[in-house]
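**Student:** Fold the following and give me the result.
(chains A and B)
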Amino acid sequence: MIRVVHYVNQYFAGIGGEDASSHPPGALPELAGASRALQARLADRATVVATVFAGDSYVAEHEKSAIADCVNLIAAHAPTVCVAGPAFGSGRYGLACGLVCDAVQRTLGVPAMTGMYPENPGVEACRRSTIIVPTAETVRGMGDALERMAVLALKLGAGEELGPAEAEGYLPKGIRVNEVAGEVAGVRAVELVLKKLRGQTETEWPLPHYEKISPAAAVAEGKRPRVALVSEGAVVPKGNPDKLPSGWCKVWARYEMKSSGGLSSEEFETVHGGFDTTVGNQDPNRLVPLDALRELEREGRVEVWRDLYVTNGNMGSLTEMSRIGSEMARALRQDGVDVAIIGAT
Amino acid sequence: MKLELGEFPVDDVAAGAETSYNSGSLRVDVEELRNLLLEDDRFAEVEITVASPGMSLRVTQVIDCVEPRVRTAGDTDFPGMVGPPWTVGEGRTHCLKGVAVTEVAPPIPGEPTYWREALFDLGGSGSRYSPMAGVAHVVLHFRPSEKAAGPHASSRIENVFEGTPAAIGYNRAIRTAGLRAALYLAETVKDLEPDRVVVREPARPTDDLPCVVYVFQLSRSYVYGEAATVAGPGALPTIIHPNEILDGAVVNRSTLIAGIRDLTYLLQNHPVITELYRRDGHDLAFGGVVIYTQGDDTRSKERLTKYVAQLTGECLHADAAVLTSLGAGHPTIDCMLVCQELERRHIATSLILPEIAQDPGDSGFVEFVREADSIVSTGNQEEKVTLPAIDQVVGGATLVGLDLPSGGELTIPLRYILGATSNVGGHVIRGVGR
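**Tutor:** Numbering: from 1, shown residues only, chains lettered A, B, ... in the order given. This next block holds a predicted model:
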């Protein structure tokens, strides 16, 4: 018999709304409404044995201990599979679902899955480790979400291996693997465009959802900001002393720009492998606009930070470039930089 | 405009006393062919290897592959490259099927080596990665003369994608030599009766069938012998008849990434054009082909995006379009902008694209628009594959840029393998999401 433990937040547990979001983890004496609705979709092929819950804010503020507590509560009911959510568009709930599922899988070795709106921030946080069923943005999609989640819950509970994301109805984990298709790509492309004309749009490669970043606040009026130049154009001291690669780069460097004017082509060059570097080598200021920035400095409007932060974006992987960006940001903060001007190629 | 492709299947190929074709057997007078090619004094030597599919042979440092063909009218062949730059795509062309002429050449000073390596296995477990593995090959291994690559040859590269003018010229010489060799072989069947004739002629347009246009981003190819370089004032997108592409008007010019290379062989047998013709008159009307290059700045991008959409929608009356792209960087951005513009004009699109995902979790996209909701993936070019050690190598002793012995076991990204992720849709590898 497949035993399902259902994780929800304080709202779906019936404890309360935003006011109750600091509620610590617990298990309900009786199944929550959403858990009963899940049971209805599972019919007699599985039993929802318990509803475990936690307040969204509580999880956010006490992540480690909160998740550990949730895992213990879940373990106490000896589940075959754990289902969290659906969280719809609710960001903190989505993140909590992802954390719970990840921990249940790692700590208990029990399969776990969740459901949420594809643009929920929780997706990027846990898609690689957890099966996520895409849902509507609001709770009006509950019935449909539970219907589709139940299908996968039964498969996971039965120990079945899931097929490709598109076929099974979960969000691609972001892992792509190559396989052999039955027909060449040219044949498949004509078939797809005819399907689209018939209203049956299909894709072999779903578009990603990137995290939306809110811009930082503007510099305070009247303040003379410290401005740093950052570049992915692989502008390095001539001779490339640290051997910055021409592509597929996993490192970054910082170099002092000693000149009180712009960058000199005798001191700097670009080793980027993704564009014609002729102009950049003749005048590196066209990649890193130090000359223009020095003018603003002479007018007293900015203070130019002494170091250039540089990497090579050519064929750069998203994972590496995200990490490099984070590391640069931390270093820029430490350097007291207010504004970074990033040159992209 | 009607093109008849007269096909002569080649079941076995070997060196022989005389170049001839007889009931599927092709014999190549290697000495005669060699002398023909050495007429260009930029070559010191051309070593010719005749290879059958399934052989334990690895071909490296590949420049291009060409299917041997000859126009029976005798007017022009590979126009602008070999023959005069007159239009083709009509009349009868005889083709040797199941064999390719393949040019191999080490890089010379002045050539960018960044993307230069391109290889495939004819047999063994590694052969599945290349669409060129299934045919026989007459491999031409060129060595440059002093004239092409002597000590005076400049190695200072101004244009990182194409190299010095001398390197560009030498590259063209190799390709032209390959085309001449292809023509030389095909001439043996010029006056013979083909096994079958494939007719390429657009069906009469009807109102009830959706009009589908092929929108083809060229990879700086030669079109009638002229390099189709980035879009600028003199390089507007244009319309070309699909038969012209099938009949040798467009020739590969690129030594960029092997996996996505627009081999001349794949253009002569263009998978999208072939499929559109196959369904023409049944569930679609093949509306024609638009070709364009790329824009290196905002202004060029805007110009070409609108212009391509205008040609596709207003001039060719498309209801739908299949788009292929050079792949990577600026060209992919242009393809996505074209997709977006077409969709905004209510022209349904599908795209063929390679994935470029280095790490698990990389989306693989260089750039995308929300309208690109129907994409055929030709596979992740960064996925590593292992080719077993091989008995024989034609090409370099080590791989260009990787410094691995060519004949040994190789674990390399898919993009090193010729045509593996063919961006004109010529191979069967695709990416799936897990």
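**Student:** ok, the residue lying closest to residue B:209 once chain neighbours are set aside to residue B:277 distance?
**Tutor:** Nearest non-adjacent residue to residue B:209, counting by Cβ to Cβ, 6 or more residues apart in numbering or on different chains: residue B:285, 4.3 Å away. Yep, even glycine has a C-beta here, placed from its N, CA and C like the rest. Distance, residue B:285 to residue B:277, using Cβ to Cβ, to the nearest Å: 11 Å.
**Student:** Repeat that for residue A:284.
**Tutor:** Applying Cβ to Cβ to residue A:284 and residue B:277 gives a distance of 51 Å.
**Student:** ok, now residue A:210?
**Tutor:** Residue A:210 is 39 Å from residue B:277, by Cβ to Cβ.
**Student:** Please say which of the two ends up with more neighbours.
**Tutor:** Neighbour count, other Cβ atoms under 10 Å in any protein chain shown: between residue A:210 and residue B:277, residue B:277 has more, with 20 against 12.
**Student:** Does the more buried one touch residue B:242 like I think?
**Tutor:** Yes - with contacts counted by Cβ atoms under 8 Å, residue B:277 reaches residue B:242, the gap being 7.3 Å.
**Student:** which neighbours do the two share?
**Tutor:** Counting by Cβ atoms under 8 Å, 6 or more residues apart in numbering or on different chains, the contacts common to residue B:277 and residue B:242 are B:200, B:202, B:286.
**Student:** what sits against residue A:115?
**Tutor:** Contacts of residue A:115 (Cβ under 8 Å, 6+ apart): A:85-87, A:132-135, A:145, A:148-149.
**Student:** 10 Å instead?
**Tutor:** Listed by Cβ atoms under 10 Å, 6 or more residues apart in numbering or on different chains, the contact partners of residue A:115 are A:83-88, A:94, A:97, A:131-136, A:141-142, A:144-146, A:148-149, A:152, A:170-171.
**Student:** Bridged to it, which residues?
**Tutor:** Beta-bridge pairing for residue A:115 (DSSP bridges): residue A:133.
**Student:** Roughly how far does it sit from chain B?
**Tutor:** From residue A:115 over to chain B the distance is 17 Å, taken as Cβ to the nearest Cβ, to the nearest Å.
**Student:** Same question for residue A:290.
**Tutor:** Using Cβ to the nearest Cβ, one obtains 22 Å as the distance from residue A:290 to chain B.
**Student:** Show me the residue at the heart of chain A, geometrically.
**Tutor:** residue A:124 (3.1 Å; Cα atoms, centre = their mean).
**Student:** Touching, it and residue A:174? I think so.
**Tutor:** Yes - the pair residue A:124 / residue A:174 is scored as a contact, 8.4 Å apart, by Cβ atoms under 10 Å.
**Student:** which residues are common contacts for those two?
**Tutor:** Common contact partners of residue A:124 and residue A:174 (Cβ under 10 Å, 6+ apart): A:208, B:361.
**Student:** can you tell me if the longest helix belonging to chain B touches chain A.
**Tutor:** Longest helix of chain B, by residue count under DSSP state H: helix B:165-186. No - using Cβ under 10 Å from any Cβ of the partner chain, helix B:165-186 stays clear of chain A, with a minimum separation of 13.5 Å.
**Student:** average pLDDT across that helix?
**Tutor:** Averaged across helix B:165-186, pLDDT comes to 95.
**Student:** ditto for stretch B:135-154
**Tutor:** The average of the pLDDT scores along stretch B:135-154 is 88.
**Student:** Stretch B:207-223 too?
**Tutor:** 93.
**Student:** buried residues in that stretch?
**Tutor:** B:209-223 (16 or more other Cβ atoms under 10 Å in any protein chain shown).
**Student:** From the chain's centroid, how far away is it?
**Tutor:** Centroid separation for stretch B:207-223 versus its chain: 16 Å, with Cα atoms, centre = their mean, to the nearest Å.
**Student:** for it, how far is the first residue from the last?
**Tutor:** End-to-end distance of stretch B:207-223 (Cα to Cα, to the nearest Å): 33 Å.
**Student:** Local confidence estimate at residue 127?
**Tutor:** All of this is about chain A. Looking at residue A:127, its pLDDT stands at 87.
**Student:** My question was about chain B, not that one.
**Tutor:** Listed pLDDT for residue B:127 reads 97.
**Student:** give the contact list for the residue lying closest to it once chain neighbours are set aside.
**Tutor:** Spatial nearest neighbour of residue B:127, excluding adjacent residues (Cβ to Cβ, 6+ apart): residue B:133 at 3.8 Å. Counting by Cβ under 10 Å, 6+ apart, residue B:133 touches B:53-54, B:59, B:120-124, B:126-127, B:417-419.
**Student:** Could you rerun that using 8 Å?
**Tutor:** B:53, B:120-123, B:127.
**Student:** Could you do residue A:48 as well?
**Tutor:** Counted by Cβ under 8 Å, 6+ apart, residue A:48 has contacts A:4-6, A:31, A:35-36, A:38-39, A:42.
**Student:** Surely it is in a helix?
**Tutor:** No - assignment of residue A:48 by DSSP: H, G, I helix; E, B strand; the rest coil gives strand, placing it outside any helix.
**Student:** beta partners of residue B:71?
**Tutor:** Per DSSP bridges, the residues bridged to residue B:71 are residue B:93.
**Student:** Ok, residue A:8 next?
**Tutor:** With DSSP bridges as the rule, residue A:8 is bridged to residue A:53.
**Student:** Show me the residue at the heart of chain B, geometrically.
**Tutor:** Most central in chain B (Cα atoms, centre = their mean) works out to residue B:263, at 1.8 Å.
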